[in-house]
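Undergrad: Below: sequence and its predicted model.
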Amino acid sequence: MKALGDQRPELEDPRVVEALDEYLAALEAEQKPDRQAFLARHADIAGALAHCLEGMDALYLSSFARPRPENSAAVADWQPGTVLGDFRIVREIGRGGMGVVFEAEQISLGRCIALKVLPFALTLDSRQLQRFKNEARAAAQLHHQHIVPVYYVGSERGTHFYAMQYIDGQSLAEFIHGLRQTAVRGESPGSNRSGPQLRAGTTTTRQADTLATSYSAGSPEFYSAVARLGVQAAEALDHAHGFGVVHRDIKPANLMVDVHGHLWVMDFGLAQFQTDMGLTQSGDLLGTLRYMSPEQAGGRRVLLDHRTDVYSLGATLYELLTLRPPFGGTDRQTLLHQIFYDEPRPLRSFRKSVPVELETIVLKCLEKDVDRRYATARELADDLRRFLAHEPIRARRATPAQRLRKWARRHPSFVWAAVLLCLLTVAGSLLSVELLRREHANTVIAYQNERQRAREAEERFLLAREELDGMFKLCEEELADKPHVDGIRRRLLESFLVYYQRLIDQRRDDPAATAELAASRARVRQILDDLALLQGAWQHGLLKEEAIHDDLALNPRQREQVQEITDSMARRWKEFVQDLSRLSHEKRRERFVSMIRVTETDIGKVLTPVQRQRLRQIDLQRKGEKAFEEPDVVTALTLTAGQREQVRILREKACSDKRRHSEGEASESSAADSGASIVSQIVADVLTKEQRQRWRELSGEPFKGPLPCPKADCSQH
């Protein structure tokens, strides 16, 4: 058609696209705007906008408002019996933003098919025509038992159309609507034969052996049926993703269930191909927006991956289980804010009968962070099967730390205040240490050079000792329960160790002072030893992960022993927490260190030296750029002061990128890329050739599975 080549450049204006989306949403809500008033409201783009509004109206009205070329046909003109190519129209069965669907007969084969037609007026809009072609292209190249197959694609009398398999059933949107109507009437769905029914086929027969499940309280059959439908939809999406096709418009209206409980995915009009980034978000604005992932709702022209379909399928299952969408905003801005910043309410807050495992699966699909969703639709299908088989699922509920991070994203002002307070505290501590060092140097000089001022020198010495002891006490008491500043604390204690030794050397003629200083120095050394033990203790948490067991090549006996150790750790920790309020600060520290020492001893009896070394390597990989601040790593790599400053600058830049992302100033992908490349950038730009070789020896081969998040983040840097 010439229409594609004759498109005016104004039609690519984002303002035109947004206005058309608004107009289409009103049409689908059966609230047709007054065209003249609508054009007056968008006067600056009225010329380009008027070019497309007639096509929009053609989809919902009985005739076109503008002339059409000779031999072209309007959808409204096609009455039952009208022939279009090899097809004879029987009746209209539905219409939407991408065209009108008819039940038709394929004349040559005498079979019943569904015929989807794009009216001529809509072909004048290159975006509408390209989306229509996208749908035919995507569905035609995908052959799967849960994807509606395309039989034929053609164009006649100025109208584009394609034929597909006819599905005798209802969409999930119709089923949900029926359930809502039943709920409003206060009836039990099972008591009304005319009420909505969801049929779920069994896995052992292809016959029409169906199970009518009602949306009644505590009905396990209903939840099993929903899970089976979720499995079928996820398998279809996984098949499409395998061919590089992302649906991008998964919602209840696009999932059809036939009379045998067989689910079909349809309407690939917004599909995105790996080689095609031309089309972005759907025109079905409010309807589709409710099921969009945050990265898709952002509206940026970026290539979305398959995890956006996982999110949309999760939103569909959420609504099917609760009869409510995840977010209930009634206007675009409210809905966008909820999608970006709010967390969906737990399903069990609406219906206590929803199984906990099914709720966990759905909420994992709805994670705003794409890396926390199911990596593939196949993984989602596998977890739903485990639920159906009453096996443990892989998904896990959000931990308190994860909920805290989500809260921090919603309340950045509190986070910044806490970060500023920590920075001021650390800066003050470092400043005090530096002042102490200078004062001590002055005291030593005065003691050596001016014996006659012994009293003044003694007073200065006592002052220095008092300041050093005070700082040591502050470091021991105030920083002891803050693991994220253990690196700074360790460096401070090492400085104290040097200072106490210097004081001992200066006061060898005073046995009493020397004994006190030696006791303090021994105390510092003991704490440093405990910190070294605690530093290695963070590795213990890795042993809870099955992927770690596989990487360490643990034999069955070792796996059992490791499981016993981790269970014992959990019990000891629970007992420790219960006794926490009754213990003094010193007793807490002693008991905590004792717990770690026992665990370290137990692990040393189970793991071989090679496995212990590999566990340390994996721990360094998990810490990422944070590993270059560990004193052991700094010593092993012999990092210079200049190199450490370079590492600090790179880490601050990466943290700044992550903060901009959290404030909406950077894209999801750019923030993730910045975090992922910081270690390799340090290795390539900061370390020497010998240091890079040593780092490879320290960190070992890259871990192939997903690593647990490190304990610290940029706010602790």
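TA: Now that the structure is in, tell me what you want to look at.
Undergrad: which residues sit in contact with residue 322?
TA: 347, 350-351, 354 (C-beta atoms under 8 Å, 6 or more residues apart in numbering). (Glycine included, C-beta is placed from N, CA and C.)
Undergrad: now do the same end-to-end measure for stretch 683-691.
TA: Separation of the first and last residues of stretch 683-691 by C-alpha to C-alpha, to the nearest Å is 8 Å.
Undergrad: Tell me where the stretch 551-700 of the chain is predicted with low confidence.
TA: Applying pLDDT under 70 to the stretch 551-700 of the chain flags the ranges 658, 661-676.
Undergrad: before we move on, back to that, please list only the buried members of the contacts of residue 322.
TA: 347, 351, 354 (16 or more other C-beta atoms under 10 Å).
Undergrad: Inside helices: which ones of those residues?
TA: Judged by DSSP state H, helices contain none of those.
Undergrad: Residue 168 versus residue 143, what's the distance?
TA: Separation of residue 143 from residue 168 (C-beta to C-beta, to the nearest Å): 21 Å.
Undergrad: can you check residue 415 too?
TA: Distance from residue 415 to residue 168, by C-beta to C-beta: 55 Å.
Undergrad: do residue 416 as well
TA: Residue 416 is 58 Å from residue 168, by C-beta to C-beta.
Undergrad: who has more neighbours, those two?
TA: Between residue 416 and residue 168, counted using other C-beta atoms under 10 Å, residue 416 has the larger neighbour count: 13 against 10.
Undergrad: Secondary structure element for that one, which one?
TA: For residue 416, the element it lies in under DSSP states H and E is helix 412-449.
Undergrad: From the contact counts, what lies against that helix?
TA: Using 3 or more C-beta pairs under 8 Å, 6 or more residues apart in numbering; DSSP states H and E, the elements in contact with helix 412-449 are helix 454-478, helix 486-506.
Undergrad: Flag every buried residue along it.
TA: 415, 422, 429, 433, 436, 440, 443-444, 446-447.
Undergrad: and what of stretch 551-563?
TA: Quick answer for stretch 551-563 (16+ other C-beta under 10 Å): 551-552, 554, 558-559, 561-562.
Undergrad: And stretch 624-633, by the same measure?
TA: 624-631, 633.
Undergrad: Now render those residues as a markdown table, adding distance to residue 379.
TA: Below are the buried residues of stretch 624-633 laid out as a markdown table (distance: C-beta to C-beta, whole Å):
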| residue | distance to residue 379 |
| --- | --- |
| 624 | 25 |
| 625 | 29 |
| 626 | 29 |
| 627 | 30 |
| 628 | 33 |
| 629 | 35 |
| 630 | 34 |
| 631 | 40 |
| 633 | 35 |
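Undergrad: and which of those is nearest residue 239?
TA: Looking at the buried residues of stretch 624-633 and their distance to residue 239, the nearest is residue 624, at 35.4 Å (C-beta to C-beta).
Undergrad: thinking again about what came up before, out of the buried residues of stretch 551-563, which is nearest to residue 688?
TA: residue 551 (29.1 Å).
Undergrad: Just the element for the closest residue to the closest one other than its chain neighbours, please.
TA: Spatial nearest neighbour of residue 551, chain neighbours left out: residue 703 (6.1 Å); criterion: C-beta to C-beta, 6 or more residues apart in numbering. Assigned by DSSP H and E, residue 703 belongs to neither a helix nor a strand.
Undergrad: following the stretch of helix or strand residue 137 belongs to, which helix or strand shows up next?
TA: Taking DSSP H and E as the criterion, residue 137 maps to helix 126-141. Once helix 126-141 ends, the next helix or strand along the chain (criterion: DSSP H and E) is strand 150-156.
Undergrad: Next, the contact list for residue 614, please.
TA: Applying C-beta under 8 Å, 6+ apart to residue 614 gives the contacts 551-552, 700.
Undergrad: hmm, I was thinking of residue 83
TA: Residue 83 makes contact with 89, 107, according to C-beta under 8 Å, 6+ apart.
Undergrad: what about the strands in this protein?
TA: In the chain, the strands defined using DSSP state E lie at 83-84, 87-96, 99-106, 111-118, 150-156, 159-165, 169-171, 198-199, 212-213, 245-246, 255-258, 263-265, 272-273.
Undergrad: List the neighbouring strands of the fifth one plus their orientation.
TA: Spelled out, that is strand 150-156. strand 159-165 (antiparallel) (DSSP bridges).
Undergrad: And the second one, by the same measure?
TA: Looking at strand 87-96 with DSSP bridges, its paired strands and their directions are strand 83-84 (antiparallel), strand 99-106 (antiparallel).
Undergrad: Nearest to residue 541 among those would be which one?
TA: Across these, the minimum distance to residue 541, taken as C-beta to C-beta, is reached by strand 99-106, at 54.6 Å.
Undergrad: tilt between that closest one and strand 111-118?
TA: Orientation check (axes from the mean of the first three to the mean of the last three C-alpha atoms, to 10 degrees): strand 99-106 against strand 111-118 gives 150 degrees.
Undergrad: buried residues in strand 99-106?
TA: Using 16+ other C-beta under 10 Å as the burial criterion, the residues of strand 99-106 that qualify are 99-106.
Undergrad: Residue 329 touches residue 341, doesn't it?
TA: No: Residue 329 is beyond contact range of residue 341, at 11.5 Å (criterion: C-beta atoms under 8 Å).
Undergrad: Can you pick out the residue with more neighbours from those two?
TA: Ranked by neighbour count (other C-beta under 10 Å), residue 329 and residue 341 place residue 329 first, with 17 against 13.
Undergrad: In contact with that one: list those residues for me.
TA: 335-338.
Undergrad: at 10 Å instead, please
TA: 286, 289-290, 335-339, 342 (C-beta atoms under 10 Å, 6 or more residues apart in numbering).
Undergrad: Now render the residues you listed as CSV, adding distance to residue 388, neighbour count and pLDDT.
TA: Converted to CSV, these look like this (distance: C-beta to C-beta, whole Å; neighbours: other C-beta atoms under 10 Å; pLDDT from 0 to 100):
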residue, distance to residue 388, neighbour count, pLDDT
286, 34, 17, 40
289, 31, 22, 84
290, 27, 22, 87
335, 33, 20, 88
336, 35, 18, 89
337, 36, 12, 88
338, 31, 18, 90
339, 30, 26, 89
342, 30, 15, 88
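Undergrad: can you list those residues in TSV and add distance to residue 231?
TA: Output for these, formatted as TSV (distance: C-beta to C-beta, whole Å):
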residue	distance to residue 231
286	29
289	26
290	23
335	29
336	31
337	33
338	28
339	26
342	28
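Undergrad: What about residue 241, how many residues nearby?
TA: 20.
Undergrad: Verify the stated contact: it with residue 378.
TA: Yes: Residue 241 is within contact range of residue 378, at 8.5 Å (criterion: C-beta atoms under 10 Å).
Undergrad: which residues does the closest residue in space to residue 385 that isn't next to it in sequence contact?
TA: In space, and not counting its chain neighbours, residue 385 is closest to residue 231: 6.0 Å by C-beta to C-beta, 6+ apart. Residue 231 makes contacts with 146, 203, 263, 380-385, 387-388, as judged by C-beta under 10 Å, 6+ apart.
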